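Novice: I'd like to go over a predicted model; first the sequence, then the structure.
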Amino acid sequence: MKSAKTSYLSSPTTLLRPCAPEDLQWDMQQIQLAIARRAYELFEMRNREHGHDWEDWFQAESELLRPVSIAISETPERFSIRANVFGLSERELKVSVEPTRITIVGSKDLNAEAATKGTPADFCPDQILHLIALSSEVDPEGAVIELQSGVLRFELPKVIPRTKAVGAA
């Protein structure tokens with residue numbers, strides 16, 4: 001019998017291809033609209049008492065979005081980023097890499113049982129919307145993105161700024 005640790009280490013690695021940032025806009029808007037609707041429901045449940053807008057928004061986010069833990073390491077040449085997306089497969093994830101930002105969008109497919117119970121897709125708690133701001137510019141074309149055992153791994157080469165020649169005007 002294999003140990004759980006052995007099977008964890010032997011799970012296959014899947015390479016992901018990044019999407020263009022504009023291809024994620026629709027998915028991001030749908031998630032943001034669901035959060036806004038839920039925040040408004042919370043506002044109404046409090047008899048429209050003002051002054052709690054941020055509280056309502058953060059509660060709606062916590063109800064609708066799965067938290068994503070991120071680990072970032074950086075060298076002068078590259079960023080190495082790990083994101084916990086456990087439970088989502090490569091077909092349920094979309095990522096984009098821009099020179100100073102990474103976007104991760106994910107949504108667990110509803111199974112047939114949930115669909116027959118009438119669970120609306122926009123209230124599914126298995127959604128991810130996470131943006132990672134990068135402190136240095138990277139080359140999106142050189143990005144390597146892998147999914148293994150619920151961990152999304154990014155290896156991003158940095159753009160090395162050109163230095164001016166000494167004495168150049």
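Specialist: Yep, that arrived. Numbers count the residues shown, from 1 in each chain.
Novice: okay, CA-based contacts and neighbour counts for the rest of this
Specialist: Will do.
Novice: for this protein, which helix is longest?
Specialist: Looking across the chain with DSSP state H, the single longest helix is helix 25-45.
Novice: now whatever helix or strand comes next after that one: mean pLDDT?
Specialist: Where DSSP states H and E defines the elements, the next helix or strand beyond helix 25-45 is helix 53-64. Helix 53-64 carries an average pLDDT of 91.
Novice: Helix 53-64: how far from the chain's middle?
Specialist: Distance of helix 53-64 from its chain centroid, counting by Cα atoms, centre = their mean, to the nearest Å, is 18 Å.
Novice: Against residue 25, how distant is residue 127?
Specialist: Residue 127 sits 15 Å away from residue 25, going by Cα to Cα, to the nearest Å.
Novice: meant to ask about residue 18
Specialist: From residue 18 to residue 25 the distance is 14 Å (Cα to Cα).
Novice: what about the two, which has more around it?
Specialist: For residue 18 and residue 25, the more surrounded residue by other Cα atoms under 10 Å is residue 18, and the numbers stand at 20 against 11.
Novice: and that one, what helix or strand is that in?
Specialist: Residue 18 belongs to no helix or strand, assigned by DSSP H and E.
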